[in-house]
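Enquirer: Need coordinates for the below:
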Amino acid sequence: MARKLPEYIAVSPISLSCPLCKVKPGKACDLFAGEVEIVHVERIAAATAMDVAAKKARNKAAHR
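Expert: A predicted model of the protein is given here:
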């Protein structure tokens, strides 16, 4: 049985460049103990802001 795709797929912080350390998309901001990837909170906040904006746009379009 085929699964239905979600209406919206959230933005991954890794898919954005980091506003703090300027690392490129697809790369972690830093490594902890040489093996745990770290992503700055500012990068996560940017992805969240994009998700919130997309949700508002979807809701606005749905109410037209």
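
Enquirer: which parts of the helix or strand of the chain with the lowest mean pLDDT are buried?
Expert: Across the helices and strands of the chain, mean confidence by mean pLDDT, DSSP states H and E is lowest for helix 41-62: a mean of 91. For helix 41-62, a neighbour-count test (16 or more other C-beta atoms under 10 Å) marks Arg43, Ala46, Ala47 as buried. Glycine gets a C-beta too; all of them are placed from N, C-alpha and C.

Enquirer: right, and Ala54 touches Ala47 too?
Expert: No. Using C-beta atoms under 8 Å, Ala54 is not in contact with Ala47; the gap is 10.7 Å.

Enquirer: joint contacts of the two?
Expert: Counting by C-beta atoms under 8 Å, 6 or more residues apart in numbering, the common neighbours of Ala54 and Ala47 are Val11.

Enquirer: Turn the buried residues of helix 41-62 into TSV, including distance to Ala10.
Expert: Converted to TSV, the buried residues of helix 41-62 look like this (distance: C-beta to C-beta, whole Å):
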residue	distance to Ala10
Arg43	14
Ala46	13
Ala47	7
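
Enquirer: Out of the residues you listed, flag the one nearest to Cys21.
Expert: Of all the buried residues of helix 41-62, Arg43 has the smallest distance to Cys21: 8.6 Å, by C-beta to C-beta.

Enquirer: and the closest one, what is it in contact with?
Expert: By C-beta under 8 Å, 6+ apart, Arg43 lies in contact with Pro13, Leu16, Cys18, Pro19, Leu20, Cys29.

Enquirer: Which of those are buried, as a PyMOL select command?
Expert: In PyMOL, this line selects whichever of the contacts of Arg43 come out buried by 16+ other C-beta under 10 Å:
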select buried, resi 13+16+18+29
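
Enquirer: can you list the contacts of Arg43 in JSON lines and add pLDDT?
Expert: JSON lines is the format used below for the contacts of Arg43 (pLDDT from 0 to 100):
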{"residue": "Pro13", "pLDDT": "95"}
{"residue": "Leu16", "pLDDT": "96"}
{"residue": "Cys18", "pLDDT": "97"}
{"residue": "Pro19", "pLDDT": "95"}
{"residue": "Leu20", "pLDDT": "96"}
{"residue": "Cys29", "pLDDT": "96"}
